[in-house]
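Chemist: quick one, structure for this:
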Amino acid sequence: MFRYFARRIIQSVFLILGVVFIVFFMIRINGDPVSLMISRDATMEQREAFRKAHGFDRPVSVQFADYLVRLSQGDLGNSLQYRLPASALIQQRLIPTFELAFSTLIFIAVFSIPLGILAGLYPNTPFDLIARFIALLGQTLPSFWLAMLLIFFVAVPIDILPTFGRDGFASLILPMIALGLGGVGQMLRLTRATVLEVRHENYIRTANAKGVSPRNIATRHILLNAALPLISVLGIQFTYLLGGSVYIETIFSWPGLGTLLEGAINNRDFPLVQAITFIIALFAISINLLTDLIYMLLDPRIREATG
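Modeler: You can find the predicted model right below:
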């Protein structure tokens, strides 16, 4: 188990280094990052002054080494738009983004897992038909389009749920549904398929042959074993919710990282774009690592395979 843990830590470190490399060079693909950050109407003197002020006149290898040193010290650079450290701006927006992502994850789990279990235990019943319809709906409707539908057909006519800002639980409901319906569809399909697969395992047949009650088979054997694959998927879902909420936060004016990233892109604030991208990727790698470790601790087969 220790070797598996150490191997996953090393893999995560290399992934982080890969992210750092990509984030650093993503504004240098066109060759001149100054042309992306400064106005097209700027004079040559202004461009040269900007280049020297931000160190773009030095060799790329020196810039990359300096970037690594600053990252190791927790310095994510300064925002061109706000004239503030990027880390301070990100810190202000982390809590709203985590609040929306975590609430959406709970919505996905509470809504999809019980219905998926019922659909798997009782196939070709009304439970199954409803689950398959919601799964199809969730995986075909784009989240940004669903957000606009919710605003026009739910929020505006009823005038109860807020359509912008972050003001209590009521303002969470619409963005949570818009962001989470796709995850609900994916989790419904996975839960149903997993329960159907577990139902045909040999140990389930053995339990039936021994006369174990259907209720005990469902709760002690099917549900517990079906729950294990869902853990890793929930971790992936949370990662997606952190990084994929740009459109939803923008539509609902939610003051999170997505809105900050959208504003940074529109204002050519690429140091801030770099910082937000790195932070989101860092959280994604950390969550995936934590999910793998939890899965290993809960599944004895993986512990035995990893020693």
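
Chemist: next, count neighbours for residue 91.
Modeler: Applying other CB atoms under 10 Å, we find 11 residues neighbouring residue 91. For every residue, glycine as well, the C-beta is placed using N, CA and C.

Chemist: can you give me the offset of the strand or helix carrying it from its chain's centre?
Modeler: Here residue 91, judged by DSSP states H and E, is contained in helix 86-121. Centroid displacement of helix 86-121 relative to its chain, using CA atoms, centre = their mean, to the nearest Å, is 9 Å.

Chemist: which other helices and strands contact that helix?
Modeler: helix 126-140, helix 170-199, helix 223-243, helix 246-251, helix 257-266, helix 270-298 (3 or more CB pairs under 8 Å, 6 or more residues apart in numbering; DSSP states H and E).

Chemist: any idea of the angle that helix forms with helix 223-243?
Modeler: 150 degrees (axes from the mean of the first three to the mean of the last three CA atoms, to 10 degrees).

Chemist: in stretch 65-84, what's buried?
Modeler: For stretch 65-84, burial by neighbour count (16 or more other CB atoms under 10 Å) applies to 67, 71, 76, 77, 78, 79, 80, 82.

Chemist: which of those residues fall within helices?
Modeler: Cross-referencing the buried residues of stretch 65-84 against helices under DSSP state H gives 67, 71.

Chemist: would you list the buried residues of stretch 65-84 in TSV and tack on distance to residue 20?
Modeler: As requested, the buried residues of stretch 65-84 are exported to TSV (distance: CB to CB, whole Å):
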residue	distance to residue 20
67	8
71	7
76	11
77	13
78	18
79	19
80	20
82	23
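
Chemist: and which of the buried residues of stretch 65-84 is nearest to residue 110?
Modeler: Closest approach between these and residue 110, by CB to CB: residue 76, at 35.2 Å.

Chemist: tell me who's in contact with the residue nearest to the closest one when sequence neighbours are not counted.
Modeler: Nearest in space to residue 76, with sequence neighbours left out and distances taken as CB to CB, 6 or more residues apart in numbering, is residue 275 at 3.8 Å. Each residue near residue 275 by CB atoms under 8 Å, 6 or more residues apart in numbering is listed here: 76, 77, 86, 87, 90.

Chemist: tell me the one of the residues you listed nearest residue 44?
Modeler: Among these, and counting by CB to CB, the member closest to residue 44 is residue 77, at 24.8 Å.

Chemist: what residues does the nearest residue to the closest one once chain neighbours are set aside make contact with?
Modeler: Nearest residue to residue 77 in three dimensions, chain neighbours excluded: residue 271, at 4.1 Å (CB to CB, 6+ apart). Going by CB under 8 Å, 6+ apart, residue 271 touches 37, 76, 77, 78, 79, 80, 86.

Chemist: can you rerun that using 10 Å?
Modeler: Listed by CB atoms under 10 Å, 6 or more residues apart in numbering, the contact set of residue 271 reads 27, 33, 37, 54, 76, 77, 78, 79, 80, 81, 86, 264.

Chemist: ok, of these, which one's closest to residue 14?
Modeler: Scanning these for proximity to residue 14, where the rule is CB to CB, the winner is residue 76, at 20.7 Å.

Chemist: that closest one and residue 84 touch, don't they?
Modeler: No: taking contacts as CB atoms under 10 Å, residue 76 lies outside contact range of residue 84: 11.1 Å.

Chemist: what sits in contact with each of these two?
Modeler: Joint contacts of residue 76 and residue 84 (CB under 10 Å, 6+ apart) are residue 272.

Chemist: after the helix or strand hosting residue 6, which helix or strand is next? Please name it.
Modeler: According to DSSP H and E, residue 6 maps onto helix 2-25. Under the assignment DSSP H and E, the closest C-terminal helix or strand after helix 2-25 is helix 34-37.

Chemist: who does that following helix touch, helix- and strand-wise?
Modeler: Taking 3 or more CB pairs under 10 Å, 6 or more residues apart in numbering; DSSP states H and E as contact, the helices and strands that helix 34-37 lies on are helix 44-53, helix 270-298.

Chemist: so which of the ones you listed is nearest residue 22?
Modeler: The nearest among the helices and strands packed on helix 34-37, by CB to CB, is helix 270-298 at 8.4 Å.
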